[in-house]
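Novice: Here you go, sequence then predicted model.
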Amino acid sequence: MRNLATISFILIVVNSFGQSESQKLCDLGRSQSKKVVTNINSASLVAPIDTATSITEMLYLFGAQESQILEVNHQQRFKSIGTVVLKHLMTSGNGSLLYDNFRTVQSSISSTINRDKLNSQVSLEYFKDGRSLNGGVKNDSAFTNTALSQDFLEVNLSNNSSSYSHFLFKQDLSWLITRKLWLVPSIEYINEDRNYSGNGNSDSSFFSNVYYHENQSVDYYRWRRVNASIGTEIRDSTYQISASITSNNDYYMNRDKLNWLGLGANLTFNRIKATNSLHVKGEYHFSGYRKGGYKAQVRTDFFIDTSHRITADFSTSLLPPKIYQIKYYGNHYKWNYNAIHYPWMNSLGILYHHNRFNFQVNISGTTIKDYFYFDTNMVASQVNNAHFASANIKKDFALGRFKFPVKTTFNFGQSSEIRLPETSVTGGIFVSLKVFKAKLKLDLGGQCNWFSNYFANRFEPSTGITYLQNDKLIGNYPFVDISVSSSIKGASFYFMALHVNENLTGRNYYTRPDYLEIGSRFIFGVKWRFIN
């Protein structure tokens, strides 16, 4: 929850569904530019297999500062048995005085088997981010001729390194016992590791209370969770009811070695009709470090007719932060677990969608009691009440072959602990053409991203946390991207120019306080698609 403002800022992009190739390209490049600050991984979507036996897509992009994206997606159907989906995504970028040198890898494999009496879903995911940390320099000759404030964060720079890895294994089985009753066992394993090596003495100067590891230049944590559950499920053509008992084992290792064994229960109800649907989920924890915690969600969809749809979503939760957030030592902070209050979060959202006019409005609000965040001194804190609300409007305009997608978000009613830009806008113009007797397809266009200025959370690279600050506004600056793609048969070629307005509107742009947006750059890419 401490990253609500950060996540909201990062996700100022248009949803990938219904986009042209050129528009997807702009969003992919814009998402890539944010990787210089945070661990963001997002793979593009692969179309459903439909009648094909297999689909393979490969995408390669490269550009300035040796930034690269390599993505491979493969879907394989095995007749009536099931499907296998493999995804692999690698990104990299050479650092500079202000940008981290990073290498990320994301791989996943999932399989689905559907038989008359047995269903199986297995998934494996692996993500790793390794980088050399660059926090910027206060006084350097490279910035004497710019409009920059030259007030950058010092973190001992290029000799520092940080790595984060995440591994997930999950298997769900469904075995038919009687006509409608299924036995549903499941197991899930999650492992996260974070390592940081640098100069602990210098880095710790940013903290008022520091707890050193025995080796002051190294900091780490490991978090592991094993979830096992068994339950029953009743399935019909219009509804599904399931109940299960879960066992949660949490293991944490840093200066503390903690091991919790907890029990909980889950309940799910889904009902789908021709014109409406209802989805209910609930969980409760009887023991473990989440003892007494719960989470519930209710979502309903109403289809007024074929064009109009209304969705209402309500959720409530009373759960503690993750262990590694509250028991993180080393060159960081120490949070007293026994003194923590569970944050109580309630959210309500209403969405209206008009398919015919490509129009969507989403209004949502969130209130949190005992909100968990990091104050201006980078100290873990809680406040009695925090809240915010948002209104999101999306509309795709069309004029002949031209499309004009526009997305606007308004954030209001914010608390001082949750910082969001009051307004953010993404707009573009795209056109699709077919030339050479329709054998060659061209997609071209441009997109602009803008958000109003606000006191965004500052980022501390040696800890990976964001915290409040009141001395620097960021925003009120446009980011303009242009892209062109051409497709012939199964091959596509891409050309992108990101942040083309850098030299026109001045170099005073930040992704976070003290962290510059990547400058103008040109990217070339190629994509192959094989269908069997």
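Specialist: Sure thing, it's come through.

Novice: For the stretch 51-200 of the chain, which segments count as helices?
Specialist: With helices called from DSSP state H, counting those that start in this stretch, the stretch 51-200 of the chain shows them at 200-203.

Novice: Flag the shaky bits of it, pLDDT-wise.
Specialist: Applying pLDDT under 70 to the stretch 51-200 of the chain flags the ranges 51-52, 64-66, 80, 94-100, 133-161, 196-200.

Novice: residue boundaries of the strands in it?
Specialist: 54-63, 68-78, 82-93, 101-114, 118-132, 161-176, 181-197 (DSSP state E, counting those that start in this stretch).

Novice: again, but for the stretch 201-350 of the chain
Specialist: 218-235, 239-253, 257-272, 276-285, 294-303, 308-318, 344-354.

Novice: for those, which one sits closest to residue 524?
Specialist: strand 344-354 (36.3 Å; Cβ to Cβ). Any C-beta I mention is one placed from the backbone N, CA and C, and that applies to glycine too.

Novice: ok so, going back, mind putting the strands of the stretch 51-200 of the chain into CSV with mean neighbour count and distance to residue 490?
Specialist: Output for these, formatted as CSV (neighbours: other Cβ atoms under 10 Å; distance: least, Cβ to Cβ, whole Å):
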stretch, mean neighbour count, distance to residue 490
strand 54-63, 18, 9
strand 68-78, 18, 14
strand 82-93, 18, 18
strand 101-114, 17, 23
strand 118-132, 17, 28
strand 161-176, 16, 32
strand 181-197, 17, 37
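
Novice: can you list those in CSV and add distance to residue 391?
Specialist: Listed next are the strands of the stretch 51-200 of the chain as CSV, based on distance: least, Cβ to Cβ, whole Å:
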stretch, distance to residue 391
strand 54-63, 34
strand 68-78, 33
strand 82-93, 33
strand 101-114, 32
strand 118-132, 33
strand 161-176, 33
strand 181-197, 35
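
Novice: quick one: which of these is nearest residue 497?
Specialist: strand 54-63 (9.4 Å).

Novice: helices and strands around that closest one, which ones?
Specialist: strand 68-78, strand 491-498, strand 521-531 (3 or more Cβ pairs under 8 Å, 6 or more residues apart in numbering; DSSP states H and E).

Novice: Can you name the residues bridging to the closest residue to residue 281 other than its chain neighbours?
Specialist: Closest residue in space to residue 281, ignoring its immediate chain neighbours: residue 297 at 4.7 Å, by Cβ to Cβ, 6 or more residues apart in numbering. Beta-bridge partners for residue 297, by DSSP bridges, are residue 281, residue 315.

Novice: these two touch, right, residue 297 and residue 314?
Specialist: Yes - using Cβ atoms under 8 Å, residue 297 is in contact with residue 314, at 7.1 Å.

Novice: which strand is the longest one in this structure?
Specialist: Longest strand of the chain, by residue count under DSSP state E: strand 380-399.

Novice: just the angle between whatever helix or strand comes next after it and strand 380-399, please?
Specialist: Downstream of strand 380-399, the next assigned helix or strand under DSSP states H and E is strand 402-412. Using axes from the mean of the first three to the mean of the last three Cα atoms, to 10 degrees, the inter-axis angle of strand 402-412 relative to strand 380-399 is 150 degrees.

Novice: for strand 402-412, what is the average pLDDT?
Specialist: Strand 402-412 shows a mean pLDDT of 90.

Novice: Quick one: low-confidence residue ranges for the stretch 351-500 of the chain.
Specialist: For the stretch 351-500 of the chain, counting by pLDDT under 70, the residues that fall below are 438, 460-465.

Novice: rerun at 80
Specialist: 377-381, 435-440, 458-466, 487-490 (pLDDT under 80).

Novice: you'd agree residue 365 is up against residue 388?
Specialist: Yes - if you go by Cβ under 8 Å, residue 365 and residue 388 touch, sitting 7.3 Å apart.

Novice: which of these two has more neighbours?
Specialist: Per other Cβ atoms under 10 Å, whichever of residue 365 and residue 388 has more neighbours is residue 388, with 21 against 16.

Novice: Contacts only, for the closest residue to the more buried one other than its chain neighbours.
Specialist: Distance criterion Cβ to Cβ, 6+ apart; nearest residue to residue 388, sequence neighbours excluded, is residue 414 at 4.5 Å. The contact partners of residue 414, by Cβ atoms under 8 Å, 6 or more residues apart in numbering, come to 387-388, 420.

Novice: so residue 470 makes contact with residue 455?
Specialist: Yes - the pair residue 470 / residue 455 is scored as a contact, 5.7 Å apart, by Cβ under 8 Å.

Novice: So for those two, which sits in the more crowded spot?
Specialist: It is residue 455, of residue 470 and residue 455, that has more neighbours when counted by other Cβ under 10 Å, with 17 against 10.

Novice: Could you pull up phi and psi at the more buried one?
Specialist: Dihedral pair for residue 455: phi -80, psi 80, per degrees, to the nearest 10.

Novice: ok, now how distant is it from residue 421?
Specialist: 10 Å (Cβ to Cβ, to the nearest Å).

Novice: Repeat that for residue 511.
Specialist: Distance from residue 511 to residue 421, by Cβ to Cβ: 13 Å.

Novice: Verify the contact between residue 165 and residue 128 for me.
Specialist: Yes - between residue 165 and residue 128 there is a contact under Cβ under 8 Å: 4.3 Å.

Novice: Tell me which residues touch residue 476, please.
Specialist: 450-453.

Novice: swap that for residue 92, please
Specialist: Shown in contact with residue 92 (Cβ under 8 Å, 6+ apart): 66-68, 102-104.

Novice: Identify the bridge partners of it.
Specialist: On the basis of DSSP bridges, residue 92 is bridged to residue 68, residue 103.

Novice: what about it, distance to residue 164?
Specialist: 15 Å.

Novice: just residue 378 next, same as before
Specialist: In terms of Cβ to Cβ, residue 378 sits 19 Å off from residue 164.

Novice: Just give me the neighbour total for residue 446.
Specialist: Residue 446 has 18 neighbouring residues, counting by other Cβ under 10 Å.

Novice: Likewise for the one 4 residues further on?
Specialist: Other residues near residue 450 number 17, with proximity taken as other Cβ under 10 Å.

Novice: Check whether it really touches residue 480, as I assumed.
Specialist: No - taking contacts as Cβ under 8 Å, residue 450 lies outside contact range of residue 480: 9.3 Å.

Novice: what residues are shared contacts of these two?
Specialist: Counting by Cβ under 8 Å, 6+ apart, no residue touches both residue 450 and residue 480.

Novice: so what's in contact with residue 365 and residue 388 at the same time?
Specialist: Residues within reach of residue 365 and of residue 388 at once, by Cβ under 8 Å, 6+ apart, are residue 413.

Novice: Helix or strand: which one has the nearest residue to residue 447 once chain neighbours are set aside?
Specialist: With Cβ to Cβ, 6+ apart as the criterion, residue 447 has its nearest non-adjacent residue at 3.5 Å, and that residue is residue 428. Using DSSP H and E, residue 428 sits within strand 423-435.

Novice: Would you mark the buried spots in that strand?
Specialist: Buried residues in strand 423-435, counted by 16 or more other Cβ atoms under 10 Å: 423-430, 432.
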